[in-house]
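J.: here's my sequence, what's the structure:
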Amino acid sequence: MLPPTAARRRPPHRSQHRSQGRPRPASLAAGLGLALATSVLAALPAAAAPAAPAAAARAGESRVDLARWDSTRQLATGAVRGAKVKRGKVAFAARGGARRLGGTTYDVASWTSRWTAPGLDFTQLIASWEARTPGNSLVEIKVRGRDAAGKRSSWDVLGRWAENDQHVRSTSLGAQADDLARVDVDTWSAAAPAGLRSYQVRVALLRQTRTRAVPSVDAVHVMTSRVPKGGTVATSAPGVARGTVLDVPRFSQMTHAGHYPRWGGGGQAWCSPTSTSMVLGHYGALPRRKAYSWVPAGHPDPVVDHAARRTYDHRYRGTGNWAFNTAYAAPRAGNAFVTRLTSLREAEQLIAAGIPVVASVSFRAGQLTGAPISSTAGHLLVIVGFTADGDVVVNDPAARTRAGVRRTYDRGQFENVWLPTSGGLAYVIHDAEHPLPPSSGSW
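T.: Numbering: from 1, shown residues only. Sure, this is the predicted structure:
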């Protein structure tokens, strides 16, 4: 995703559909609501020795690397201050500093990775995490980079996040465009076309002073990529998942139109939490009734209302923050992260392993035959399988009802509204019973 600031401007209806690879013209932003209403990774070892990226051999193809710190051994390669690494997680142990946020004083501990060189000069970085934040606690994720000449950027905040909103409102922090890079909601983009050579990621664990909450982080994922702008891609040959369709429940975002304006207003604004909820349902990992008892009786699929509330970004004012969605899903399914896939053949590997894929697409009229919406500047849906001929079977939450959610899209059309627009952006959510298959870098 390489959208300029204009691509993140919120249209009047606060749609969560976002521009994923080109500017969103003012006319499109203003009219998107009408269009929608009418047609609507195998774990890497220590950061010092990352695995080779899934680098494409031919010029013009996407290059992607996902570094993962998700075991005691991997997390122990980082530096801690006031935290301890034990049993596969980083947990708050003692006050390593103090911070005042929103009128509340927090004790702060932290974990910082080593400098990590992914093996490509990357132009974008997206971090995701798996964390628990009991009581009045939160996590804050920062990143800084270094270019080929060795110049370092400042530390930029990618997000402040908590599991619930009783004490803390999860939020991104704006552009912070002061030196080598800038933040665009969930994406850290290099200022220069040459990109950056290496990075560090830091996770701060904050808890209200004089309380005993123990915030912790089970995993940190950092996806770096160099994605060509625009163009078209050749259709990939069908792979290992031909004829395989997973049993993923079907939810429609449009049945929530008008729900909870303070969390985006449902309908066209909730494709991301609706897609995330469908994948959680596949694993039997949806929240229990007690968690969403605040949703009035009669609301269809109240788990979607709950997911929208828990993924809402209070600065961006939408539920489409990619990392917030995987952070919401992670403690429920067990594992979740944001990455990019280089073709549908990689998605097929995941489907063959029983893992649905949430994909970010963007298209104009006529580019995706059979879609329930005529066009979108950014939309999330779930890849659930493939036909015997290799076409893509999806659960598209933009359908007006549950009955219309299951769709089949032409393989070539789908790759061209996914790979050149969002760079193959995907959420990968899985449980222990569905481990990741081998990969060369995207997971």
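J.: wait, residue 324 sits on residue 314?
T.: No. The pair residue 324 / residue 314 is not scored as a contact, 10.3 Å apart, by Cβ atoms under 8 Å. For the C-beta atoms, the positions are set from N, CA and C on the backbone; glycine is no exception.
J.: what do those two both touch?
T.: Both residue 324 and residue 314 are in contact with residue 170, where contact means Cβ atoms under 8 Å, 6 or more residues apart in numbering.
J.: neighbour count: the two, which is higher?
T.: residue 324 (28 against 16; other Cβ atoms under 10 Å).
J.: the more buried one belongs to a strand, doesn't it?
T.: No. Per DSSP: H, G, I helix; E, B strand; the rest coil, residue 324 lies outside any strand segment and is helix.
J.: confidence score at it?
T.: In this model, residue 324 is scored at 98, pLDDT.
J.: need the contact list for the closest residue to it other than its chain neighbours.
T.: Closest residue to residue 324 in three dimensions, ignoring its sequence neighbours and counting by Cβ to Cβ, 6 or more residues apart in numbering: residue 311, at 4.6 Å. By Cβ under 8 Å, 6+ apart, residue 311 lies in contact with 170, 272-273, 276, 319, 321, 324-325, 328.
J.: what of residue 345?
T.: Residue 345 neighbours (Cβ under 8 Å, 6+ apart): 236-237, 239.
J.: closest to residue 193 among those?
T.: residue 236 (27.3 Å; Cβ to Cβ).
J.: quick check: the gap between the closest residue to the closest one other than its chain neighbours and residue 209.
T.: Spatial nearest neighbour of residue 236, excluding adjacent residues (Cβ to Cβ, 6+ apart): residue 343 at 4.3 Å. For residue 343, the distance to residue 209 (Cβ to Cβ, to the nearest Å) stands at 50 Å.
J.: compare these two (neighbour count), which wins?
T.: residue 343 (21 against 15).
J.: isn't the more buried one right next to residue 423, touching?
T.: No. Contact criterion Cβ under 8 Å: residue 343 and residue 423 do not qualify, at 11.7 Å.
J.: thinking residue 285 is in contact with residue 430, fair?
T.: No. Between residue 285 and residue 430 there is no contact under Cβ under 8 Å: 10.2 Å.
J.: which of these two has more residues huddled nearby?
T.: Between residue 285 and residue 430, residue 430 has the larger neighbour count (other Cβ under 10 Å), namely 23 against 16.
J.: what's near enough to touch the residue nearest the centre of the chain?
T.: The centroid of the chain falls nearest to residue 322 when counting by Cα atoms, centre = their mean (2.7 Å). Contacts for residue 322 (Cβ under 8 Å, 6+ apart) come out as 126, 128, 186, 272, 338, 360, 425, 427.
J.: quick one: the helices in the chain?
T.: 26-38, 72-75, 271-282, 302-311, 322-333, 344-352, 411-422 (DSSP state H).
J.: for the first one, the averaged confidence score.
T.: Read that as helix 26-38. pLDDT averaged over helix 26-38 gives 30.
J.: go on, the last one?
T.: The predicted model assigns helix 411-422 a mean pLDDT of 98.
J.: now the shortest one
T.: The predicted model gives helix 72-75 an average pLDDT of 98.
J.: which elements pack onto that helix?
T.: Identification of packing neighbours for helix 72-75 by 3 or more Cβ pairs under 8 Å, 6 or more residues apart in numbering; DSSP states H and E yields strand 83-86.
J.: find the nearest non-adjacent residue to residue 250, please.
T.: residue 405 (3.8 Å).
J.: from start to finish, how long is stretch 348-358 in a straight line?
T.: 13 Å (Cα to Cα, to the nearest Å).
J.: go through that stretch and flag the buried ones.
T.: By neighbour count on 16 or more other Cβ atoms under 10 Å, the buried set for stretch 348-358 is 348-352, 354-358.
J.: what are the contacting residues of it?
T.: 238-242, 244, 246, 248, 272, 275-276, 278-279, 282, 325, 341, 347, 380-386, 395, 426-430, 433-437, 439, 443.
J.: of those residues, which belong to strands?
T.: 380-386, 395, 426-430 (DSSP state E).
J.: partner residues bridging the nearest residue to residue 329 once chain neighbours are set aside?
T.: Nearest non-adjacent residue to residue 329, counting by Cβ to Cβ, 6+ apart: residue 336, 4.1 Å away. Assessed by DSSP bridges, residue 336 has beta-bridge partners residue 429.
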